[in-house]
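1. Could you work out the structure for the sequence below:
(one chain, ligands or ions: 1)
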Amino acid sequence: MTLADALPAELAPSPNPRRVFLLGATGTIGRATAHALLRRGHEVVCFARPRAGVGGALTAADRGRLLDGATVRVGDVTDAASLARDGFRGGRFDALVSCLASRTGAPDDAWAIDHRAHVLALEAARRAGVSQVVLLSAICVQKPVLAFQQAKLAFEKVLLESGLRYSIVRPTAFFKSLSGQVERVRRGQPFLVFGNGTLTACKPISDDDLAAYLADCLDDRDRADRILPIGGPGDAITPLQQGERLFALLGRPARFRHVPVALLDAVVATLGSAGRVVPALARKAELARIGRYYATESMLVLDPASGRYNAAATPSTGSETLFDYYARLVAGEAGPERGDHAVF
Ligand SMILES: NC(=O)c1ccc[n+]([C@@H]2O[C@H](COP(=O)([O-])OP(=O)(O)OC[C@H]3O[C@@H](n4cnc5c(N)ncnc54)[C@H](OP(=O)(O)O)[C@@H]3O)[C@@H](O)[C@H]2O)c1
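-> Numbering: from 1, shown residues only. Okay, the predicted model is just below:
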């Protein structure tokens, strides 16, 4: 049985199977999206770099297993010549689906990947006959403060103006980003929250639910030429509620450590000043800014008029909740995935 066969039965075949060029297939959402597309009967050609995965740890054999059923081509997504020669290879494609994203969020990497590589891929895709693009973006670009958000927005604009049919999907928080404390809590340590633990809220979405949503953008006319914020099922939840549920699942009394946001501000300010002298610290300063952003901004639809986040206005999809996932982690039925960085 392949992973594609293991996906839920509600992933029905597409009425119009297409030839899809998929970017970012070796990432968390990319691999789930590859399977969702395959499950619907699309032909999937993935474009990956030679050393893929977190820290470049994925071997060619791992990659083959992970993307079983898809074709994997290897090259450099930041190089127009490689995209044409190694990726599209002069062939015809119907759709471009991208789950490509900077793994670090550092400004140079974000502009190279979230913007420039996407611009190159879009040009190459258009030459290959692509008429439809599905882009995985992020809900946080609605309040763009960080370099990676600005890079994503800049490419969204290119896509909006491309004349191609597009679906720009802006999800809320992923499960992996909300599971980093499961191990420390299991070891008996307190759950860390910023402020009182209710400064932010989100509607977490599972990898498979988001992948299904992305794949369905190819067929759903209502998702065409739209920017689509999307969360998972159920109510919005705060970090405090995440901690409380985790302790309940472990059968232990809840214990929190409250970290003042002012501490993050001090780290950001110190690294920001030092970063003007030492370039390596400028990267760390950006990561600290990313951490501060997620400590204080909700991953929900932002009402531009009031400047407030609105859970009720944030659409939901799918069936798996974060608390279902926590239960599976606690039962040892799932393993937490950590990225190159743990803040987003
Ligand atoms: N985490 C969250 O809670 C959250 C919430 C909302 C939106 N998002 C957004 O969702 C997107 C995808 O997230 P994810 O967790 O699936 O990302 P991920 O696991 O980090 O995967 C990123 C993908 O991009 C590829 N990539 C990165 N740099 C590359 C390079 N230089 N050359 C070639 N390929 C490169 C990676 O390939 P390799 O395997 O070769 O590195 C990987 O396939 C991001 O844009 C993120 O901002 C995240």
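2. Report the contact partners of the closest residue to Val259 other than its chain neighbours.
-> Leaving aside its sequence neighbours, Val259 sits nearest to Phe194 (CB to CB, 6 or more residues apart in numbering; 5.4 Å). For glycine as for every other residue, the C-beta is placed from the backbone atoms N, C-alpha and C. Taking CB atoms under 8 Å, 6 or more residues apart in numbering as the contact definition, Phe194 lies against Thr200, Pro239, His258, Val259, Pro260, Val261, Leu264, Ala295, Thr296.
3. Then Cys99?
-> Contacts of Cys99 (CB under 8 Å, 6+ apart): Leu22, Leu23, Gly24, Ala25, Gly27, Ile29, Gly30, Thr33, Leu136, Leu214.
4. re the thing from before, name the member of the contacts of Phe194 with the shortest distance to the ligand.
-> The ligand lies nearest to Thr200 out of the contacts of Phe194, by CB to the nearest ligand atom, at 12.3 Å.
5. how deep is Lys143 tucked in, by neighbour count?
-> Neighbour count of Lys143, defined by other CB atoms under 10 Å: 15.
6. err, Thr238, not the other one
-> Thr238 is flanked by 17 other residues according to other CB under 10 Å.
7. what does the stretch 151-300 of the chain put close to the ligand?
-> Residues of the stretch 151-300 of the chain lying near the ligand by CB under 6 Å from any ligand atom: Pro171, Ala173, Phe174, Ser177.
8. go with 8 Å
-> Selection of the stretch 151-300 of the chain residues close to the ligand by CB under 8 Å from any ligand atom yields Lys152, Arg170, Pro171, Thr172, Ala173, Phe174, Lys176, Ser177, Leu178, Ile205, Asp207, Met299.
9. would you list those in a markdown table and tack on neighbour count?
-> Below are those laid out as a markdown table (neighbours: other CB atoms under 10 Å):
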| residue | neighbour count |
| --- | --- |
| Lys152 | 27 |
| Arg170 | 21 |
| Pro171 | 26 |
| Thr172 | 27 |
| Ala173 | 25 |
| Phe174 | 23 |
| Lys176 | 19 |
| Ser177 | 19 |
| Leu178 | 19 |
| Ile205 | 28 |
| Asp207 | 22 |
| Met299 | 29 |
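10. which helix of this protein spans the most residues?
-> Using DSSP state H to define each element, the chain has its longest helix at helix 279-296.
11. any residues touching it, and which ones?
-> Contact with helix 279-296 is made by 104-107, 140, 145-148, 194, 199-200, 261, 264-265, 267-268, 271-272, 274-276, 341, 343-344, as judged by CB under 8 Å, 6+ apart.
12. Which of the residues in that helix are classified as buried?
-> Buried residues in helix 279-296, counted by 16 or more other CB atoms under 10 Å: 281-295.
13. Going along the chain, name the helices of the stretch 151-300 of the chain.
-> Secondary structure of the stretch 151-300 of the chain, counting by DSSP state H, counting those that start in this stretch: helices at 182-186, 207-216, 239-250, 261-275, 279-296.
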